[in-house]
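1. this one's sequence-less:
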C-alpha cells in the first residue's frame, strides 16, 4: 500500500496490467489519477485529452496552444 497502513478494508485496482492496493480512495486518486499538463491539478472528473495529453479544462488546453478541444456545454 502507498502509505503502509494495514487496513481490513483495503482494495485493489488493476490498471495497465499492474495491481495496486490502497486503503482509501484518496490514496488511489493521488497515485493513479492523471494531472493537467498546464496547471498540474489532479483530474478526477471529465478532463480533456488530445494525443495522450490531459488537461483539466479548456482554459488550460488553450493556454498550452490547443485549438481543437473544448468543454462540454
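-> Cool, got the structure. Just so we're clear, the structure is a prediction, and the values are computed from it rather than from any experiment.
2. now for the one helix or strand residue 59 maps to, which elements pack on it?
-> Counting by DSSP states H and E, the element that carries residue 59 is helix 58-63. Under the contact criterion of 3 or more C-beta pairs under 8 Å, 6 or more residues apart in numbering; DSSP states H and E, helix 58-63 touches strand 48-50. No exception for glycine: its C-beta is placed from N, CA and C like everyone else's.
3. for the spatially most central residue of the chain, what are its contacts?
-> Residue closest to the mean C-alpha point of the chain, counted by C-alpha atoms, centre = their mean, is residue 33 at 2.1 Å. Residues in contact with residue 33 (C-beta atoms under 8 Å, 6 or more residues apart in numbering) are 42, 43, 44.
4. that one and residue 27, how far apart?
-> Distance, residue 33 to residue 27, by C-beta to C-beta, to the nearest Å: 11 Å.
5. so which of the contacts of residue 33 wins on neighbours?
-> Within the contacts of residue 33, most neighbours by other C-beta atoms under 10 Å means residue 43, with 19 neighbours.
6. for that residue, what are its contacts?
-> With the criterion set at C-beta under 8 Å, 6+ apart, residue 43 makes contact with 33, 34, 35, 36, 54, 55, 56.
7. the fourth one: neighbour count?
-> Applying other C-beta under 10 Å, we find 19 residues neighbouring residue 36.
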